[in-house]
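*Asks:* just coords:
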Ligand SMILES: NC(=O)c1ccc[n+]([C@@H]2O[C@H](COP(=O)([O-])OP(=O)(O)OC[C@H]3O[C@@H](n4cnc5c(N)ncnc54)[C@H](O)[C@@H]3O)[C@@H](O)[C@H]2O)c1
């Protein structure tokens with residue numbers, strides 16, 4: 001029984017002065033109904049969470065950069081919140097009920113997993129993981145705890161109503177039987193290799209904690225040269241710190257497709273891209289996956305294109321290059337092209353008269369989810385329902401990261417989603433997990 005239902009039942013059965021911890025009987029915004037929240041990463045993307053968290057009870061903050069820690073505490077006006085530079089200490093703070101994680105990508109799966117292991121709800125910025133294995137471990141921990149914990153991956157564009165309009169068109173047969181799905185992004189951030197040693201970190205910057213589980217690298221201020229919310233573009237292309245556009249815009253753009261296709265893990269992956277650089281993830285890349293059939297569609301091919309690679313346009317007069325981040329759904333009777341906020345339908349051939357398709361009455365449209373972060377806060381307070389939980393989004397990033405494994409293996413690989421193993425290439429299996437520095441465990 002959920003806590004709210006439990007309390008509701010008590011309201012009818014218990015005698016008058018029952019004292020319960022954190023009784024929430026006076027509406028979502030009542031003081032007694034506030035969540036004890038913590039923010040890890042208090043600058044940059046973290047700032048997008050300030051106002052949402054300020055309506056709750058902020059009990060802890062963490063940042064490896066003490067200046068950013070002070071910035072967050074001041075802007076969120078929470079002088080009483082405990083301040084940490086090591087997220088592991090924050091997660092051991094007993095009064096923290098829910099955590100928002102805005103750290104660098106290579107620590108996401110760690111923070112997410114450790115938080116759930118300590119019974120804390122978690123909102124984790126995208127991408128959820130930096131390796132196939134990380135995605136699987138975090139999803140498994142979530143599935144064990146899904147009846148008590150609320151999770152959300154930070155793909156906040158999911159709140160755009162266009163996502164569900166696209167889903168309805170695909171599901172209701174506007175393009176006939178779904179056959180193929182592509183998503184793409186055009187961001188290109190080219191680097192040649194890790195930055196060379198340059199000076200030493202400022203005394204209030206905990207570089208060793210920033211590196212966390214990743215291998216040792218020398219300090220270079222160039223990793224922190226970006227503006228707030230854009231600094232991830234200074235480090236996310238290096239293998240030890242991110243997965244480049246696969247995890248960056250790939251998380252958002254594939255979400256537009258993933259929301260419409262009810263997909264399970266792929267049975268194969270293959271990739272084509274620029275020559276492999278052991279330090280930097282590829283800019284130009286395309287990855288292709290076979291996704292099994294489900295109860296409403298046949299098996300489909302799903303592809304991700306980035307850095308100049310693009311799917312072929314379904315019609316000559318549509319230049320998909322003009323859509324910076326988009327998705328294409330191809331079916332037996334036509335195609336649907338979408339970006340985050342708009343869509344266009346292309347019925348194809350003489351049979352595509354649209355008589356086979358009935359648009360839904362307004363009353364049957366999928367309702368708007370409202371504010372994406374608020375959805376998670378409400379979920380923490382009882383419903384546990386979010387649209388991008390670690391099962392839904394965990395599978396998606398597992399597929400995307402498997403594409404990088406196929407790219408590195410240099411051939412098409414077969415994948416068993418149940419065991420998380422590549423079944424026909426042992427070198428590819430070795431690429432499913434990252435190696436961590438001593439002292440760092442993913443399942444802590
Ligand atoms: N959802 C979105 O639209 C969106 C937009 C931008 C960034 N992001 C994601 O947010 C994350 C942060 O991106 P950013 O551009 O703000 O990066 P950033 O480098 O500016 O880091 C944000 C803050 O986190 C701190 N930090 C980094 N690692 C930490 C750690 N291990 N422990 C504690 N604090 C740590 C930094 O010092 C900084 O103050 C990235 O994973 C990125 O993918 C999401």
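*Replies:* Structure received. As the structure is a prediction and not an experimental result, all values here were calculated from the model. Numbering: from 1, shown residues only.

*Asks:* what does the stretch 151-300 of the chain have sitting close to the ligand?
*Replies:* 154, 156, 209-210, 212, 229-232, 248 (Cβ under 6 Å from any ligand atom). For glycine as for every other residue, the C-beta is placed from the backbone atoms N, C-alpha and C.

*Asks:* highest neighbour count among those?
*Replies:* Ranked by neighbour count (other Cβ atoms under 10 Å), these have residue 154 at the top, with 26 neighbours.

*Asks:* check that residue and give its pLDDT.
*Replies:* As predicted, residue 154 sits at a pLDDT of 98.

*Asks:* what's across from it in the sheet?
*Replies:* Per DSSP bridges, the residues bridged to residue 154 are residue 125.

*Asks:* ok, now residue 306?
*Replies:* Here residue 306, judged by DSSP bridges, has bridge partners residue 185, residue 285.

*Asks:* pull up the gap between it and residue 291, please.
*Replies:* 19 Å (Cβ to Cβ, to the nearest Å).

*Asks:* which of these two has more neighbours?
*Replies:* More neighbours surround residue 306 than the other of residue 306 and residue 291, with 29 against 22 (other Cβ under 10 Å).

*Asks:* hmm, back to that, among the residues of the stretch 151-300 of the chain next to the ligand, which are in strands?
*Replies:* residue 154 (DSSP state E).

*Asks:* in the stretch 1-150 of the chain, what residue is nearest the ligand?
*Replies:* Going by Cβ to the nearest ligand atom, the ligand is nearest to residue 44 of the stretch 1-150 of the chain, at 2.4 Å.

*Asks:* need the contact list for that residue.
*Replies:* Applying Cβ atoms under 8 Å, 6 or more residues apart in numbering, we find residue 44 in contact with 68, 102, 228-232.

*Asks:* that older thread, out of the residues of the stretch 151-300 of the chain next to the ligand, list just those in helices.
*Replies:* 209-210 (DSSP state H).

*Asks:* hey, which helix or strand in the chain has the poorest pLDDT?
*Replies:* Counting by mean pLDDT, DSSP states H and E, the chain has its least confident helix or strand at helix 3-13, which shows a mean of 36.

*Asks:* after it, next one along is what?
*Replies:* For helix 3-13, the following helix or strand on the C-terminal side (DSSP states H and E) is strand 36-40.

*Asks:* what's in contact with that following strand?
*Replies:* Residues from elsewhere that reach strand 36-40, judged by Cβ under 8 Å, 6+ apart: 46, 49, 53, 56-63, 72, 76, 81, 87, 90, 93, 95-103, 111.

*Asks:* one more time with 7 Å, if that's ok
*Replies:* 46, 49, 53, 56-62, 72, 87, 90, 95-103, 111 (Cβ atoms under 7 Å, 6 or more residues apart in numbering).

*Asks:* ok, of those residues, which come out buried?
*Replies:* With burial judged by 16 or more other Cβ atoms under 10 Å, the buried subset of the contacts of strand 36-40 is 46, 49, 53, 56-62, 72, 87, 90, 96-103, 111.

*Asks:* so which of those residues sit within strands?
*Replies:* Going by DSSP E, the strands hold 57-62, 98-101 from the buried ones among the contacts of strand 36-40.

*Asks:* now for these, which pair is the farthest apart?
*Replies:* Taking Cβ to Cβ as the measure, those span a maximum distance of 18.1 Å, between 57 and 101.

*Asks:* mind giving me the packing neighbours of the longest helix anywhere in the chain?
*Replies:* Secondary structure assigned by DSSP H gives helix 392-409 as the longest helix of the chain. If you count contacts as 3 or more Cβ pairs under 7 Å, 6 or more residues apart in numbering; DSSP states H and E, helix 392-409 packs onto helix 132-145, helix 249-261, strand 268-273, strand 285-291, strand 413-416, helix 426-429.

*Asks:* which of the ones you listed sits most buried?
*Replies:* helix 249-261 (a mean of 24; mean count of other Cβ atoms under 10 Å).

*Asks:* what packs against that one?
*Replies:* Using 3+ Cβ pairs under 7 Å, 6+ apart: helix 249-261 touches helix 162-171, strand 178-185, strand 300-306, strand 325-331, helix 392-409.

*Asks:* contact partners for residue 394?
*Replies:* 128, 135, 138-139, 142.

*Asks:* swap that for residue 84, please
*Replies:* 60, 62, 90.

*Asks:* in a markdown table: these, plus pLDDT and distance to residue 393.
*Replies:* Below are those laid out as a markdown table (pLDDT from 0 to 100; distance: Cβ to Cβ, whole Å):
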| residue | pLDDT | distance to residue 393 |
| --- | --- | --- |
| 60 | 98 | 25 |
| 62 | 99 | 23 |
| 90 | 98 | 23 |
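
*Asks:* and those residues, which is closest to residue 382?
*Replies:* Taking Cβ to Cβ as the measure, residue 60 is the one of those closest to residue 382, at 22.1 Å.

*Asks:* which residues touch the closest residue to residue 394 other than its chain neighbours?
*Replies:* Spatial nearest neighbour of residue 394, excluding adjacent residues (Cβ to Cβ, 6 or more residues apart in numbering): residue 139 at 3.4 Å. Contact analysis of residue 139 by Cβ under 7 Å, 6+ apart lists 390-391, 394-395.
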